[in-house]
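**Q** sequence and predicted model, in that order:
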Amino acid sequence: MTEPAKPKLLIVEDDAGLQAQLKWAYEAFEVIQATDREAALAALRAEAPAVVTLDLGLPPDPDGTSEGFAVLDAIMALKPDTKVIVASGHDPRGAEDKRLPFADAEPGMAGAETLLAMLLTLERDGRIDMARVFDLCATAPARLLGVEAGVLAQGYEADIALIDPEKPWIVDRRKMEASAGNTPFDGQPTQGRVTALFKGGVAVKL
């Protein structure tokens with residue numbers, strides 16, 4: 001008896017170690033991998049995966065987000081019904097591990113604290129809508145992981161973030177919760193803040 005075909009998942013990630021880990025983690029999927037924009041779009045055309053996980057730090061801008069956002073735009077233009085999960089690396093390192101010559105410094109940068117603001121920038125620029133922001137941050141990841149979360153519905157955990165999308169702030173590495181506070185957005189004015197957070201219906205102190 002032939003086993004049912006696994007759903008296809010395209011992982012766009014330029015780090016070989018993370019590629020291997022992600023392929024192992026998503027054993028329920030037929031995993032397709034790409035390391036740059038050209039390979040990602042070729043795989044999208046050839047394989048038509050329903051879901052894509054997208055690292056924002058891709059060559060030729062591995063330490064920034066410009067290429068990742070460009071790939072997101074290209075995916076939406078080519079196949080707008082594709083579900084894309086934006087991956088934000090969270091690899092905390094102490095300042096002593098980062099203040100070294102580039103070749104000796106530990107990899108990783110703070111990304112979790114700026115992810116929402118950067119996605120809201122895309123929304124304000126008209127590149128995605130607000131529903132897409134919520135889908136990328138909450139609904140799609142929960143759906144892929146098979147957990148009852150990411151939506152407001154009866155029977156689901158009341159995990160809620162209240163957001164003020166217009167609240168202005170300036171990214172300041174000195175005020176970040178991340179251990180090293182290293183970010184390519186240091187000093188950048190932006191908008192969008194979480195104003196209240198609830199886990200299982202219980203308020204969490206911010």
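**A** Yes, it's here. Numbering: from 1, shown residues only.
**Q** so what's residue 8 bridging to?
**A** Taking DSSP bridges, one obtains residue 30 as the residues bridged to residue 8.
**Q** contacting residues for it?
**A** By C-beta atoms under 8 Å, 6 or more residues apart in numbering, the residues touching residue 8 are 29, 30, 32, 47, 48, 49, 50, 51. No exception for glycine: its C-beta is placed from N, CA and C like everyone else's.
**Q** of those residues, select the buried ones using a ChimeraX command.
**A** This is the ChimeraX syntax for the buried subset of the contacts of residue 8, where burial follows 16 or more other C-beta atoms under 10 Å:
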select :29,32,49,51
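**Q** okay, and which of the contacts of residue 8 map to strands?
**A** Those of those mapping onto strands are 30, 32, 51, per DSSP state E.
**Q** can you redo those residues as JSON lines with distance to residue 144 and pLDDT?
**A** What follows is the ones in strands among the contacts of residue 8, written out as JSON lines (distance: C-beta to C-beta, whole Å; pLDDT from 0 to 100):
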{"residue": "30", "distance to residue 144": "14", "pLDDT": "91"}
{"residue": "32", "distance to residue 144": "15", "pLDDT": "94"}
{"residue": "51", "distance to residue 144": "6", "pLDDT": "89"}
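**Q** which one of those is nearest to residue 19?
**A** residue 32 (11.0 Å; C-beta to C-beta).
**Q** grab the nearest non-local neighbour of residue 41.
**A** residue 74 (5.8 Å; C-beta to C-beta, 6 or more residues apart in numbering).
**Q** gap between that neighbour and residue 175?
**A** Distance, residue 74 to residue 175, by C-beta to C-beta, to the nearest Å: 34 Å.
**Q** the more surrounded of the two?
**A** Neighbours were counted for residue 74 and for residue 175 using other C-beta atoms under 10 Å; residue 74 has more, 15 against 10.
**Q** can you say which helix or strand has that one in it?
**A** Assigned by DSSP states H and E, residue 74 falls within helix 66-78.
**Q** counting by contacts, list what that helix packs against.
**A** If contacts are counted by 3 or more C-beta pairs under 8 Å, 6 or more residues apart in numbering; DSSP states H and E, helix 66-78 sits against helix 37-47, strand 51-55, strand 83-87.
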